[in-house]
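**Q** Let me see the structure of the following:
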Amino acid sequence: MPLMFVLLFGGLMLAAGGAIDVANIMRVRSNVQNIADSAALAGAAQFRLGNSETNVVRQVALSFADSALSSANIDGTPTVTVNEAERSVKVAVAARVHMQFVRLGANSAYGVNSNAIARAGSSSVICLLALGDGSTSLGVGNGKVTASKCNTHSNSKASDGLVVEGLGTISAKVICTGGGYVGAQNAFDPAPATDCPEVSDPLASRAAPNDAKCDFTDFKVDIGLQTLRPGVYCGGLIIDKPSRVRLMHGTYVMKDGPLALSNGALLNMVDASVYLTGNNAVIYTDYTTSLDLSAPVAGPLAGILFFEDRNAPADRLHQIGSRIAPQLLGTIYLPRGKLVVGQLPTDGVLGFDCKLQALQSHPLLANLLPKVGLLPCPLPPINISLQSAWTLIVARHVAINGGVNLVLNANYDAAPVAPPSEAMKNSTILVH
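**A** Below you'll find the model as predicted:
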C-alpha cells in the first residue's frame, strides 16, 4: 500500500506539474506573439515618420522586442528583417520556456517561436489616393505624376488597378497598389509595391456642410472682374465667359449643378472651399481656363478645396482641364467620383487624341455650356500645381492625361494652410 500510494501521489504531482508547465508555455507563447506584433508595428511606423533608412527601422524594431522580452522576463532572441521596397518589417522571436516539472530528454527548455509582419500604410505621407476597385483605379496616359516627397496609392485589387500607358510616368517616394500594375518598367520610379494593404478613406469622418437653403439659383457670371460671396448655389455656378472671378473666405455649396468654367474664365479661390451635392454637382474646367486655388486655413473645411457628397453616384466625372493652374493648395476630396486631370478620354478610360475630336463639354453639361473649338494639337506639356506647397487628392478613381504633369508637393510647413489632420494619421498594418 505505501508503495502504491507513493506511485499514485508521484503520478498526480507529475501531472499537476506538467499542467503548470503547459500553462506557462501557453502564457509565454501569447506574450511572445504580442511582442513580435508590437515590434513589427513599431519598426514599420518609422517609414511613416520619414525616418525610413533600413538600419534605423531594424534597430527600432529590435530594441522594442529586446526591451519587451526583458520586461516580461522571457528568455528570447528577436530577429528583424526589413523590406524597403514593400515598406514592411518582419520580426521573428525564438523564445525558450524553462520547464519546472517535465524534462524533454536532457533538455529542460521548450522552444516557442512567433513571427509577425507589419507594413506601413501611406496615409501620413500620401498625396494621391485612389479609393476604388477595378481596372485603372489610378491611371496615367501620356501625362505625368511627380510626387518626389510623398506617396501614391491605389486600393484596387485588380491586376491592372494601376496603369501607365503611352509616354506616361509616375515618380513618387513610394508607389503602392493593392493588386497589380500595367506599364513599362521605366514608367515608374520606383517600381510599384504590389499587394499593398487597403488605405481607408482618411476623411470619412469629416462632416459635410449644410445645404438646406438656396442663396443663389442658376447663377451665371457676366464678363469682367467679380468677387462672389459664400452660400448655397442651387443649379451650380457657371462661368462661361473670359471673366475673372474670386471666391473669398467661406464655403460655396454647389447644389444640383456644377462648378463649371469655360471660354477663358479665371477662378481664384482664397481661403475658400467648394462642396458638391445633388444632381450634376461636378467640377468642370476646360483647357482655356485658369485656376489659382487655396483652401481654408481654419473652420469645418480647413485644408479642403473640393468636397464631394458621399451619397453622390459612383464614378461621376470631374474634369480639371485648365492648362494654367499653378496653385491647387489643399485637398481635392471626391470619394465617389472619377477625377480626370487633363482632357476627357476619347479612348478607353485614359486615352485622349486631340487629332480626332473637337473638344466636347462634359456629358452632363452639354446643355449648360457652349462648345469650345478644337484643341491645339499636339497638346504642349504643362505643369499643374507646381507652385503649391502641398496638394492632396483623394478620389474613387483618378486619371491624368493630355500632356499634364501633375506636381504633388508635400511641403506641409511651407504654407499657412495645413493638410487635414485625419489624412496625417499613422495607419501601419499587421499583414501576417
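**Q** any low-confidence regions in this structure?
**A** Within the chain, the segments meeting pLDDT under 70 span 1-19, 21, 48-52, 100-108, 121-124, 355-361, 370-374, 425-432.
**Q** What are the structural domain limits within it?
**A** Following automatic domain parsing, the chain resolves into domains at 2-120, 124-425.
**Q** quick one, helices of this structure?
**A** Applying DSSP state H to the chain gives helices spanning 2-48, 54-71.
**Q** Columns mean neighbour count on top of the domains of the chain, output as CSV?
**A** Yep, even glycine has a C-beta here, placed from its N, CA and C like the rest. Formatted as CSV, the domains of the chain follow (neighbours: other Cβ atoms under 10 Å):
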stretch, mean neighbour count
domain 2-120, 17
domain 124-425, 20
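**Q** How about the contacts made by Phe307?
**A** Shown in contact with Phe307 (Cβ atoms under 8 Å, 6 or more residues apart in numbering): 206, 208-209, 273-276, 301, 333.
**Q** Nearest to Glu53 among the residues you listed?
**A** Nearest to Glu53 out of these is Tyr333 (Cβ to Cβ; 32.6 Å).
**Q** would you list the contacts of Phe307 in TSV and tack on distance to Cys377?
**A** Shown next, in TSV, are the contacts of Phe307 (distance: Cβ to Cβ, whole Å):
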residue	distance to Cys377
Arg206	41
Ala208	41
Pro209	41
Ser273	36
Val274	31
Tyr275	36
Leu276	31
Leu301	39
Tyr333	33
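**Q** For Asp240, give its distance to Ala395.
**A** Look at Asp240 and Ala395: by Cβ to Cβ, to the nearest Å, they are 25 Å apart.
**Q** Equivalent analysis for Ser30, please.
**A** In terms of Cβ to Cβ, Ser30 sits 42 Å off from Ala395.
**Q** what's the answer for Val404, then?
**A** From Val404 over to Ala395 (counting by Cβ to Cβ), the distance is 15 Å.
**Q** Next: Pro363.
**A** 18 Å.
**Q** what's the answer for Lys255, then?
**A** Applying Cβ to Cβ to Lys255 and Ala395 gives a distance of 20 Å.
**Q** From what I see, Arg96 and Tyr110 are in contact.
**A** Yes. Counting by Cβ atoms under 8 Å, Arg96 does reach Tyr110; the two are 7.1 Å apart.
**Q** Report the separation between Thr77 and Ser38.
**A** 17 Å.
**Q** Next: Cys354.
**A** Counting by Cβ to Cβ, the separation of Cys354 from Ser38 is 55 Å.
**Q** which residues does the most centrally placed residue in the chain contact?
**A** The residue lying closest to the centre of the chain (Cα atoms, centre = their mean) is Leu129, at 3.3 Å. Going by Cβ under 8 Å, 6+ apart, Leu129 touches 122-123, 152-153, 155, 199, 202, 393-395.
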